[in-house]
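# Structure for this input, please:
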Amino acid sequence: MDKTGFDHLPLEWVRAFEAAARLGSFTAAAQETSLTQSAISQRIGHLEARLGTQLFVRQARRITLTADGEAWLPHVQAALVGLRDSTEALFGVSRNRLTISASGSINELWLVPRLEQLAEVSGAQITLSTMVVASGDTKDDAAVRIRYGSGDWPVAYAVPLYEERLSPVVAPALLGRGAWQTLPRLSVSGPRPSWRRWCAQTDTSTTPVSHLRFDSFCAGLAAARAGQGVLLASLPLVQAELDAGRLVRVADEVLRHHETYWLLGAKERLSRRQWRQLSGCLVDGTA
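Modelled structure (predicted):
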């Protein structure tokens, strides 16, 4: 065989091989690449003929790599990653613009204090888009999203922002009115645990009942800062308030929760370099 043919391997053949090898299925590779199974099989067949070797062992319901296929796969993957990264670096002008979709509370309390560092590190034009819960989440076109949950989103990049920990906080001026357990309580709607769970864990009285309720954490925090009651607060989000002395913790106990805010990135809209920059600037290193 004329080995000079190696200089002209069609990229679509190589991509078909990589997808099938990584996914372990011609069918799965076809779905990922928006091709038919027969098209994947045909491209890999052409590739094997050009290379003069068999890359897969084809069985009734599964495929496995041959020794030659296993040896070649890491080189192919490294080459494709290098091609993608260099393409992004040279031609990905739109990648220098980042839109981050998050709740108003996360925008104000978590992202804004970190924007200067993120802008400096990334050199990107950054847009903060406030997620409106009532509008739904399916039409969100942001490259980066921050959502509250357990991390089971079907995205390429995902990492928790911080470990969720809650404890009561109050404005110092309120403490002179007696034990904090007797002070008015502020409630915030949403996915975080409520006062009821705090009381159950710490064997605290469920009274007084909250008479001030808010639909955003920022609003509840503003009320606590104004001395209107005790807030069961997400400690990572109120750390600046605690450091400045505008709020104080009134209990040593901490309520931990398995859900938290997650930083989510779309592979098609975000380079790996940008993801490393984002997570490096936005994720709590102590979590």
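
# can you pull out the helices in the stretch 1-150 of the chain?
In order along the chain, the stretch 1-150 of the chain carries the following helices (DSSP state H, counting those that start in this stretch): 11-23, 26-33, 37-51, 67-91, 104-106, 115-122.

# Out of those helices, the one nearest Val250 is which?
For the helices of the stretch 1-150 of the chain, the distance to Val250 is smallest for helix 104-106, at 21.5 Å, taking CB to CB. In short, each C-beta sits where N, CA and C put it, glycine included.

# what sits up against that closest one?
Residues from elsewhere that reach helix 104-106 (CB atoms under 8 Å, 6 or more residues apart in numbering): 130-131, 146, 161, 216-218, 221, 237, 261.

# before we move on, back to that, now the helices of the stretch 1-150 of the chain as JSON lines including mean pLDDT?
Below are the helices of the stretch 1-150 of the chain laid out as JSON lines (pLDDT from 0 to 100):
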{"stretch": "helix 11-23", "mean pLDDT": "95"}
{"stretch": "helix 26-33", "mean pLDDT": "92"}
{"stretch": "helix 37-51", "mean pLDDT": "95"}
{"stretch": "helix 67-91", "mean pLDDT": "86"}
{"stretch": "helix 104-106", "mean pLDDT": "94"}
{"stretch": "helix 115-122", "mean pLDDT": "92"}
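
# closest to Trp195 out of those helices?
Across these, closest to Trp195 is helix 104-106 (CB to CB), at 18.3 Å.

# So for the closest one, what gets flagged as buried?
Residues of helix 104-106 classed as buried: 105-106 (neighbour count, 16 or more other CB atoms under 10 Å).

# Now find how far off-centre the helix or strand hosting Leu278 is within its chain.
Per DSSP states H and E: Leu278 is located in helix 272-282. Put simply, helix 272-282 sits 11 Å off its chain's centre (CA atoms, centre = their mean, to the nearest Å).

# by contact count, what packs against that helix?
helix 67-91, helix 115-122, strand 157-160, strand 260-265 (3 or more CB pairs under 8 Å, 6 or more residues apart in numbering; DSSP states H and E).

# Now it: buried residues?
Buried positions in helix 272-282, judged by neighbour count with 16+ other CB under 10 Å: 274-275, 277-278, 281-282.

# That helix versus helix 115-122: what angle between them?
Calculated by axes from the mean of the first three to the mean of the last three CA atoms, to 10 degrees, helix 272-282 forms an angle of 150 degrees with helix 115-122.
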